[in-house]
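>>> how does the following fold in three dimensions:
(one chain, ligands or ions: 1)
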Amino acid sequence: MSHEDDPLEHERASWKPSPGLAVAVTDPVQNNELPPHRERVTDKDPAAMKRAVRTVYTLFYLSVAGSVWAIAAYMLFPIEDGQTVSIRNNNLFIGLGIALALLALGIGAIHWSKAIMSDKEFIEPRHATRGRDTTREAAIKAFADANEDSGFGRRAIIRNSLIAAAVASIAPGITLFRGLAPQDTPTQPNAGNPVYLLSHTMWKEGSRLAHDPSGTPIKASDVTLGSAFHVIPEELASVPRSEGYLDEKAKAIVLLMRLPQEQLHPSPGKEDWAYDGIVAYSKVCTHVGCPVALYEQQTHHLLCPCHQSQFDITHEAAVIFGPAARPLPQLPITVDAEGYLVARSDFHEPVGPSFWERH
Ligand code: FES
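Below you'll find the predicted structure:
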């Protein structure tokens, strides 16, 4: 069928853009034919073609050699514990092998396509994407009919009041977010201050350390070498569940462990924060707040199961692995006259993840 017989082609040829859509073309392409094909050296000279083939497979074999070297380097230059030189050599030689492999592979592929593969140009004609006039008119009519039926454009007062109602309907949702934030009360003037809330827990001087969740106080003599206890303040057991019990518990949970005294390395000023090798640390991970509940008795490491942070109890719960940025806060402890373990004070820093206003 010729272009003249095809109604679609005819419609396209006679289509004139509306003034709003028209683009003034000052430099239209006069001839979009491709320039005449130019033969390459490898097309005309069989010896040049052979050379190109040789170059390409040499590059590909070079790439194989690079990959093999990278694997060999992995075995020849292993990373040894604590040896930074071994890390450097391992990375350097494996990297060189991989770089050679990828570079030779890439150059070989480009040379193959440029010098050996056919370079004849082809044109794939593109069809116009514009719809038929009848389709466009039907779409416009559908919009106009809907507008007329609904009166959206005609009845301005309804339209404007609808827009106002839609915008206003979002406002209550935003206001309700305020209700999620803590607020001051007459008996707790700092209850609405998040920095204060995060900086204080239920622990205070004389609070007995008790089993979680029973609330039974723990005597120092109950804590044998190598044991670990999950602990809460004794007073927490009497807080009604409905009145902030979980909030208080989330901040106050502690892990209690006993180590040989000589394995502890307290920093100056903290020598009396442990009692006879018994130490207490916040159980709230300083990364994003998961409970650090796994104790490795042999290594004295605490593990956080969420993102594998590890804390060394012999060195004040210093971070030795993982994303946590600071040690677990220590709860200073001692014993009372009856031999029960008690807190010397609250924690000396906020527990849990870091936040902007943390000092
Ligand atoms: Fe403990 Fe992420 S919360 S490592």
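>>> for the chain, what spans make up the helices?
For the chain, the helices defined by DSSP state H occupy 7-14, 41-44, 46-76, 84-111, 133-150, 156-178, 194-199, 245-252.
>>> which ones are touching the closest residue to the ligand within the stretch 101-250 of the chain?
In the stretch 101-250 of the chain, the residue that lies nearest the ligand is residue 250 (13.4 Å; CB to the nearest ligand atom). Using the backbone N, CA and C atoms, a C-beta is placed for each residue, glycine as well. By CB atoms under 8 Å, 6 or more residues apart in numbering, residue 250 lies in contact with residue 284.
>>> distance of it relative to residue 154?
Computed as CB to CB, to the nearest Å, the residue 250 to residue 154 distance reads 59 Å.
>>> next one: residue 173
Per CB to CB, residue 173 is found 32 Å from residue 154.
>>> next one: residue 302
Counting by CB to CB - residue 302 and residue 154 are separated by 71 Å.
>>> residue 319: neighbouring residues, count only.
By other CB atoms under 10 Å, the residues close to residue 319 number 19.
>>> any idea how far residue 87 is from it?
Residue 319 sits at a distance of 21 Å from residue 87 (criterion: CB to CB).
>>> same thing with residue 160?
Distance from residue 160 to residue 87, by CB to CB: 68 Å.
>>> who has more neighbours out of these two?
residue 87 (13 against 10).
>>> surely that one is in contact with residue 77?
No - look at residue 87 against residue 77 with CB atoms under 8 Å: they stay out of range, at 9.4 Å.
>>> re earlier: highest mean neighbour count out of the helices of the chain?
A comparison of those by mean neighbour count, using mean count of other CB atoms under 10 Å, puts helix 245-252 on top with a mean of 17.
>>> quick one: average pLDDT of that one?
Mean pLDDT, helix 245-252: 90.
>>> pairing partners for residue 282 in the sheet, please.
residue 254 (DSSP bridges).
>>> need the contact list for it.
Contacts of residue 282 (CB under 8 Å, 6+ apart): 253-254, 328-331, 347, 351-352.
>>> ok, it to residue 203 distance?
10 Å.
>>> which neighbours do the two share?
Common contacts of residue 282 and residue 203, defined by CB under 8 Å, 6+ apart, comprise 331, 347.
>>> and the residue nearest to residue 115 when sequence neighbours are not counted, what does it touch?
The shortest distance from residue 115 to any non-neighbouring residue, by CB to CB, 6 or more residues apart in numbering, is to residue 52 (4.2 Å). Residue 52 makes contacts with 42, 111, 115-116, as judged by CB under 8 Å, 6+ apart.
>>> ditto for residue 321
Going by CB under 8 Å, 6+ apart, residue 321 touches 308-310.
>>> give me the neighbour count for the nearest residue to residue 326 once chain neighbours are set aside.
Closest residue in space to residue 326, ignoring its immediate chain neighbours: residue 286 at 4.9 Å, by CB to CB, 6+ apart. Other residues near residue 286 come to 25 when the count uses other CB under 10 Å.
>>> which ones are touching residue 286?
Counting by CB under 8 Å, 6+ apart, residue 286 makes contact with 309, 319, 324-329, 352-354.
>>> would you mind listing what in the chain touches the ligand?
Proximity of the chain to the ligand, by CB under 6 Å from any ligand atom, involves residues 285, 287-290, 304, 306-307, 309, 322-324.
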